[in-house]
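Colleague: Dropping the sequence and predicted coords here.
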Amino acid sequence: MTGAIMVFRRNDIDNERRSPRVFVKMKSRVTHNRLRVSGAMKELKSFGLDEGMTVVDFGCGSGIYTIAAAKVVGNSGTVHAVDLHPTLLEMAEKRALGMGLTNIDTIYSDLETGVDEDSVDIVIFYNVLTSTRSVRELLFEANRIIKEDGTLLIRQSGMTQDKIKVMVLKDGFFSYLGKRGKTMKFKKIIGAFHEIS
């Protein structure tokens, strides 16, 4: 269906009794998702994501940023997609496989990832701060897995950037590097997770 041009006559109806308008909407959604992935790729590249890197996308949802990251890092990189909702993980997996992406690892969790310590270049927290059971534990896990020169990207709807900054800096896991648009960038503080239990 992607990219195909479909011609319908007024009387065309599929076997589920849907009108051609449904297919037009579906094609529109596919195009919209492609544009979202392409915008996400551009955004992630602007934060330093490059080929061969490792990414963890917490609260990956249906996988827009997971897929974007997977396309940027290529076959030599890895993206760990983390979510507490198995249906969303399955949707992200199917979407990625449909695009021929095989560098995505899905993890069913809201906090612990099982990812090796100091192995991740970029961790993404897009709209997860208000849906996790413990922001502190989430930040602890991010600090544990991020490399010395790695970064944490945060964007949260319905929360001011000042509030996010206070929340993230409070326990000393990260320092603030700046922002681009609604996305804030933080740097790992080395050894912080060993000092704070």
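Modeller: Yep, that arrived. Residues are numbered from 1 along each chain as shown.
Colleague: which residues in the protein form helices?
Modeller: If DSSP state H is used as the criterion, the helices of the chain fall at 20-46, 64-73, 86-98, 135-145, 161-169, 192-195.
Colleague: how far is the second one from where the chain is centred?
Modeller: Here the centre of mass of C-alpha atoms in helix 64-73, compared against the chain's by CA atoms, centre = their mean, to the nearest Å, lies 8 Å away.
Colleague: So what touches that helix?
Modeller: 33, 36-38, 40-41, 43-45, 49-55, 57, 60, 77, 79, 81, 92, 95-96, 99, 101, 103-104, 122, 124, 126 (CB atoms under 8 Å, 6 or more residues apart in numbering). (Glycine included, C-beta is placed from N, CA and C.)
Colleague: would JSON lines of the helices of the chain with distance to Ser109 be doable?
Modeller: Output for those, formatted as JSON lines (distance: least, CB to CB, whole Å):
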{"stretch": "helix 20-46", "distance to Ser109": "22"}
{"stretch": "helix 64-73", "distance to Ser109": "15"}
{"stretch": "helix 86-98", "distance to Ser109": "10"}
{"stretch": "helix 135-145", "distance to Ser109": "9"}
{"stretch": "helix 161-169", "distance to Ser109": "20"}
{"stretch": "helix 192-195", "distance to Ser109": "18"}
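Colleague: Poorly predicted segments of the chain, please.
Modeller: 1-34, 192-197 (pLDDT under 70).
Colleague: Need the single longest strand in it, by residues.
Modeller: Ranked by number of residues, the top strand in the chain under DSSP state E is strand 146-155.
Colleague: what angle do it and helix 161-169 make?
Modeller: Going by axes from the mean of the first three to the mean of the last three CA atoms, to 10 degrees, strand 146-155 is angled at 150 degrees with respect to helix 161-169.
Colleague: Distance check, Leu177 against Thr102.
Modeller: In this view, Leu177 and Thr102 are 32 Å apart by CB to CB, to the nearest Å.
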